[in-house]
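> got a sequence here, can you build the structure:
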Amino acid sequence: MKKFLNLSFLPINNDVALLFIRIWFCTSIFVKHGIEKFTNFPKMVTHFPDPLHVGPTIGLSYALVADAICTILIILGLGTRLAAFIMMINLLVVFIILHQFSFMKDHAELVYIYLGLTVFIIIAGPGKYSLDNKNLN
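Model prediction:
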């Protein structure tokens with residue numbers, strides 16, 4: 001019974017766990033935010049927030065890179081830490097400037113969770129099952 005309660009019957013494989021979290025987390029962002037930015041860019045740029053005063057086109061372009069291109073790179077495990085860092089900057093802007101550190105604003109807790117996952121990926125790296133760890137000789 002003790003083996004069942006602490007789930008010790010499951011194999012321990014950190015690399016599979018890293019692969020799973022990369023795919024699960026980044027697919028979620030890509031499907032919800034990345035595809036939307038690819039397909040509706042001209043429409044979105046007219047009402048996209050500009051909290052850094054760089055212009056909505058530049059801000060939306062950065063968000064497109066973070067939410068679409070970086071998520072695909074992380075799923076593949078290619079340039080994983082750099083891609084996660086780019087996503088982290090985007091999420092920090094959203095959480096700090098748009099949500100003003102408040103969990104009471106719409107979707108702020110989700111942004112906070114996404115931010116934590118990007119920091120986790122930066123720290124942990126992509127794991128064994130990634131293009132970053134393929135021997136290309």
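
> now residue 63, nearest residue through space, not along the chain?
Closest residue in space to residue 63, ignoring its immediate chain neighbours: residue 90 at 5.8 Å, by Cβ to Cβ, 6 or more residues apart in numbering. For glycine as for every other residue, the C-beta is placed from the backbone atoms N, C-alpha and C.

> burial count for that neighbour?
23 (other Cβ atoms under 10 Å).

> contacts only, for the nearest residue to residue 112 once chain neighbours are set aside.
In space, and not counting its chain neighbours, residue 112 is closest to residue 95: 6.2 Å by Cβ to Cβ, 6+ apart. Applying Cβ atoms under 8 Å, 6 or more residues apart in numbering, we find residue 95 in contact with 101, 108, 111-112, 115.

> now do residue 95 against residue 78, distance only.
26 Å (Cβ to Cβ, to the nearest Å).

> thinking again about what came up before, so which of the contacts of residue 95 is the most crowded?
residue 111 (21 neighbours).

> residue 67 contacts residue 90, doesn't it?
Yes - between residue 67 and residue 90 a contact is recorded at 7.3 Å, counting by Cβ atoms under 8 Å.

> now for those two: what residues contact both?
In contact with both residue 67 and residue 90: no residue, using Cβ under 8 Å, 6+ apart.

> on that earlier part again, between the contacts of residue 95, which is nearest residue 128?
residue 115 (25.3 Å; Cβ to Cβ).

> what are the boundaries of the helices in the protein?
Under the criterion DSSP state H, the chain carries helices at the ranges 2-5, 14-29, 35-39, 41-45, 56-64, 70-76, 80-92, 108-124.

> and among the ones you listed, the most buried is which?
Across the helices of the chain, averaging neighbours per residue (mean count of other Cβ atoms under 10 Å) puts helix 70-76 on top, at a mean of 22.
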